[in-house]
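In: pasting a predicted model and its sequence here:
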Amino acid sequence: MRGSSGCNISTRLLFMLMLSVLTFSLFSQDRKISGVINEYKSVTAIGPGLNNITLADVNNIVAGDTVLLIQMKGAIILEAGGFREPVGVPGSYEFLIVQSVDLGTRVVVFTNPILNNYDIKGLVQLVTVPSYTSATVKGTLTCQPWDSISKTGGVLTMIVGRTLSLNANIDVAGKGFFGGAIPPIASAGICSSDPGYDNFNYPVSFTNSGFKGESPVIRVWIDFTNIPSINPNYSKGKGKSYTGGGGGNGKYSGGGGGASFYSTGGSGGFEPNPACASPNSGGVGGRKVNADLELEGKLLLGSGGGGSTYESAPTASAGGKGGGIIIILCEILKGKGKVITADGAQPSTTASGNAGAGGGGGGGSIALYQQSFSTPLDSSLLTISAKGGKGGNTSNNFGEGGGGGGGFILTNNPINPGNVTKPTAGGLGGSRSPSGSGAAGTAGIDLTTFAPTLNGFLFNSIKSEITGNLIDSICSNVPFGTILGTKPVGGVEGTGYHYEWQYSTLANPTDPDYIPAAGVNNLQDYSPGILTVTTWFRRVVTDNGTPLPLTDKSTPVKIIVQQAITGNLIGKDTTICYNQNPLPLVPLNAGPSNGSSLNYYIYK
């Protein structure tokens with residue numbers, strides 16, 4: 001060592017500080033996220049071309065953005081609440097890439113033609129999709145609640161190329177379709193056994209019944225010449241609104257529970273006896289969707305529970321809201337004991353006085369694509385929940401709410417570490433004095449068949465095996481390890497995707513600067529071997545689509561190659577790089593034997 005002992009210590013500490021700053025700058029690609037990360041735009045027109053839409057506004061939408069196109073409603077039902085036919089395809093979605101945005105006409109053009117059959121009468125929205133290399137949820141992550149006025153919200157979505165870590169929950173519970181509202185006018189409280197007071201449907205002006213819960217329904221089929229809107233003449237009554245719970249009729253019976261894709265809502269509680277000589281049940285619970293083949297496998301908001309009525313002051317409870325929609329793609333998911341939830345909501349208040357309670361909201365939809373859960377076991381602990389909401393309670397002897405149906409969880413079946421639970425239970429019926437009659441909702445379902453619809457790109461992400469990110473460092477003339485690539489998703493897999501690894505040594509290379517990499521460059525992963533200069537590597541994946549296959553180019557990994565450094569005052573004055581000097585070395589940070597991941601050393 002040169003200089004005094006104190007100088008050596010100071011120099012060494014300064015050098016270590018410089019290395020720690022460099023290491024932080026190289027590996028700080030993990031994004032800390034919380035709150036609402038998506039933006040929502042109502043679609044006002046689709047076409048006239050096959051690859052464009054018109055939005056209500058295009059603020060903060062730019063070329064190159066990844067977006068989600070999704071239809072929120074579009075069901076036509078029969079008067080009794082059963083499904084008749086769809087308008088467009090409710091619950092259909094796809095991820096797209098924006099090619100251009102016209103600020104004047106508000107037309108957004110995509111790089112590829114739209115795949116699905118959407119209809120704006122079914123309320124179609126565009127949702128921005130943030131893409132992260134890696135991300136950590138630092139505070140509760142949620143979505144904008146569904147808003148039937150702006151026709152937007154209710155969806156949380158993102159793409160994480162590497163690892164998604166949960167230091168807080170992901171929560172869209174109660175962000176879906178609205179429960180039946182508390183009526184603005186009191187009811188006469190006439191028992192539903194009286195003629196004309198126990199119908200499936202009533203208009204908004206009828207005061208002796210609660211509002212139905214919101215659902216994907218837009219119209220009611222009477223006959224081929226008469227298909228009116230659900231509002232205002234079919235807004236109330238005990239009949240279900242497809243998946244939405246029916247409202248409580250008569251002398252304050254309870255609202256029915258909202259339903260979901262594979263579940264039914266519970267019926268609301270009866271009118272009191274002997275106040276009504278022949279007390280009838282409350283609102284009918286919403287029906288399940290999966291029996292209707294046109295909508296099989298789609299992603300829908302949980303439907304709202306039906307509401308009830310009251311005598312004087314508005315002491316009834318509104319129906320609970322349904323759960324929202326979550327769509328996430330990532331490579332590795334670290335649950336860390338947290339919860340991903342799209343539960344339906346329980347009515348927020350207890351009905352009191354002469355009033356009934358609302359039904360619970362139906363569970364929403366959660367679609368997760370990942371290639372593995374994290375290890376060790378404790379970091380993979382996770383609950384993925386889409387339960388139905390409990391029916392509303394009453395502090396009297398009037399009708400309690402029915403429970404909401406359980407939701408829909410869809411994954412791609414990575415190896416389950418055993419401590420990942422997926423509850424989809426239906427909500428219980430509410431309570432009343434002395435005993436309740438409101439029914440529970442049925443359970444939802446957990447399927448493992450999720451294959452996200454990516455239009456115009458593939459899930460094609462690569463990383464250094466050592467750093468787990470898009471940047472690494474190695475000493476000159478030392479063999480580098482492996483660059484790992486995700487298993488692609490999207491396009492037409494056919495007999496398998498086709499790979500080509502490419503490289504460039506030009507600073508900040510553009511697309512034409514890449515050429516095929518040396519060695520075996522047609523596998524999912526790639527080993528570069530010995531490097532002498534800083535090099536960028538990327539993976540090009542091609543699917544089996546016809547007549548034109550889809551080609552996707554990954555974001556590159558940058559391998560910084562450290563050359564010999566002269567004038568080094570810490571040790572020998574020609575280098576600080578591992579394997580470039582025969583003298584005994586003391587590691588500042590332990591690293592792998594292949595020299596990767598910033599293996600800096602000082603001399604004894």
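Out: Right, received. Where do you want to start? Source: prediction; values computed, not measured. Numbering: from 1, shown residues only.

In: mind listing the strands for the stretch 451-600 of the chain?
Out: Applying DSSP state E, counting those that start in this stretch to the stretch 451-600 of the chain gives strands spanning 462-464, 471-475, 479-480, 483-485, 498-504, 515-516, 529-530, 535-542, 551-553, 557-562, 585-587.

In: below-threshold pLDDT in the protein: ranges please.
Out: Where the chain drops to pLDDT under 70, the residues are 1-28, 291-294, 564-604.

In: pull the CA atoms of the longest strand seen in it into PDB?
Out: The longest strand of the chain (DSSP state E) is strand 155-166. Only the C-alpha atoms of strand 155-166 are listed here, as PDB (Å, rounded to 0.1, in the frame of the first residue of the first chain):
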ATOM      1  CA  VAL A 155     -59.700  -2.900 -13.300                       C
ATOM      2  CA  LEU A 156     -56.100  -3.200 -12.100                       C
ATOM      3  CA  THR A 157     -53.500  -4.500 -14.600                       C
ATOM      4  CA  MET A 158     -49.700  -4.500 -15.100                       C
ATOM      5  CA  ILE A 159     -46.900  -6.400 -16.700                       C
ATOM      6  CA  VAL A 160     -43.700  -7.200 -14.700                       C
ATOM      7  CA  GLY A 161     -40.900  -8.700 -16.700                       C
ATOM      8  CA  ARG A 162     -39.100 -10.100 -13.700                       C
ATOM      9  CA  THR A 163     -40.200 -10.300 -10.100                       C
ATOM     10  CA  LEU A 164     -43.300  -8.800  -8.400                       C
ATOM     11  CA  SER A 165     -42.800  -8.600  -4.600                       C
ATOM     12  CA  LEU A 166     -45.700  -7.800  -2.200                       C
END
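
In: starting from that strand, tell me which strands it pairs with and how they run.
Out: Strand 155-166 pairs in its sheet with strand 131-132 (parallel), strand 134-142 (parallel), strand 325-334 (parallel), by DSSP bridges.

In: and the next element down the chain from that strand?
Out: Next helix or strand after strand 155-166 toward the C-terminus (DSSP states H and E): strand 170-171.

In: show me what that next one is packed against.
Out: Where contact means 3 or more C-beta pairs under 8 Å, 6 or more residues apart in numbering; DSSP states H and E, strand 170-171 is packed against strand 134-142, strand 338-341. Yep, even glycine has a C-beta here, placed from its N, CA and C like the rest.

In: and if we set it to 6 Å?
Out: strand 134-142 (3 or more C-beta pairs under 6 Å, 6 or more residues apart in numbering; DSSP states H and E).

In: and for the strand it packs on, what are the contacting residues?
Out: Strand 134-142 is contacted from outside by 30-34, 160, 162-172, using C-beta atoms under 6 Å, 6 or more residues apart in numbering.

In: re the thing from before, closest one to residue 318 among the strands paired with strand 155-166?
Out: strand 134-142 (20.7 Å; C-beta to C-beta).

In: list the buried residues for the closest one?
Out: 134, 135, 136, 137, 141, 142 (16 or more other C-beta atoms under 10 Å).

In: follow-up on the earlier one: give the buried subset of the contacts of strand 134-142 as a PyMOL selection command.
Out: Buried residues among these (16+ other C-beta under 10 Å), as a PyMOL selection:
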select buried, resi 30+31+33+160+162+163+164+165+166+168+169+170+171+172
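
In: what count of nearby residues applies to residue 49?
Out: Using other C-beta atoms under 10 Å, residue 49 is surrounded by 12 other residues.

In: ditto for the one 5 residues further on
Out: Around residue 54 there are 18 other residues, counting by other C-beta under 10 Å.

In: now it, what's its secondary structure?
Out: Under DSSP: H, G, I helix; E, B strand; the rest coil, residue 54 falls in the strand class.

In: quick check: it touching residue 108?
Out: No. Residue 54 is beyond contact range of residue 108, at 7.5 Å (criterion: C-beta atoms under 6 Å).

In: residue 229: which of the strands paired with strand 155-166 is closest?
Out: Nearest of the strands paired with strand 155-166 (C-beta to C-beta): strand 325-334, 24.1 Å.

In: what are the contacting residues of that closest one?
Out: With contact meaning C-beta under 6 Å, 6+ apart, strand 325-334 is reached by 154-160, 162-165, 172, 299, 342, 364-374, 379, 452, 459, 486.

In: CA atoms of it as CSV?
Out: The C-alpha coordinates for strand 325-334 follow below in CSV (Å, rounded to 0.1, in the frame of the first residue of the first chain):
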residue,chain,number,x,y,z
ILE,A,325,-60.9,-7.2,-11.9
ILE,A,326,-57.1,-7.9,-11.6
ILE,A,327,-55.0,-9.0,-14.5
ILE,A,328,-51.2,-9.3,-13.8
LEU,A,329,-48.4,-10.9,-15.8
CYS,A,330,-45.0,-11.5,-14.2
GLU,A,331,-42.2,-14.0,-14.1
ILE,A,332,-41.9,-14.6,-10.3
LEU,A,333,-44.4,-13.6,-7.7
LYS,A,334,-43.3,-13.1,-4.1
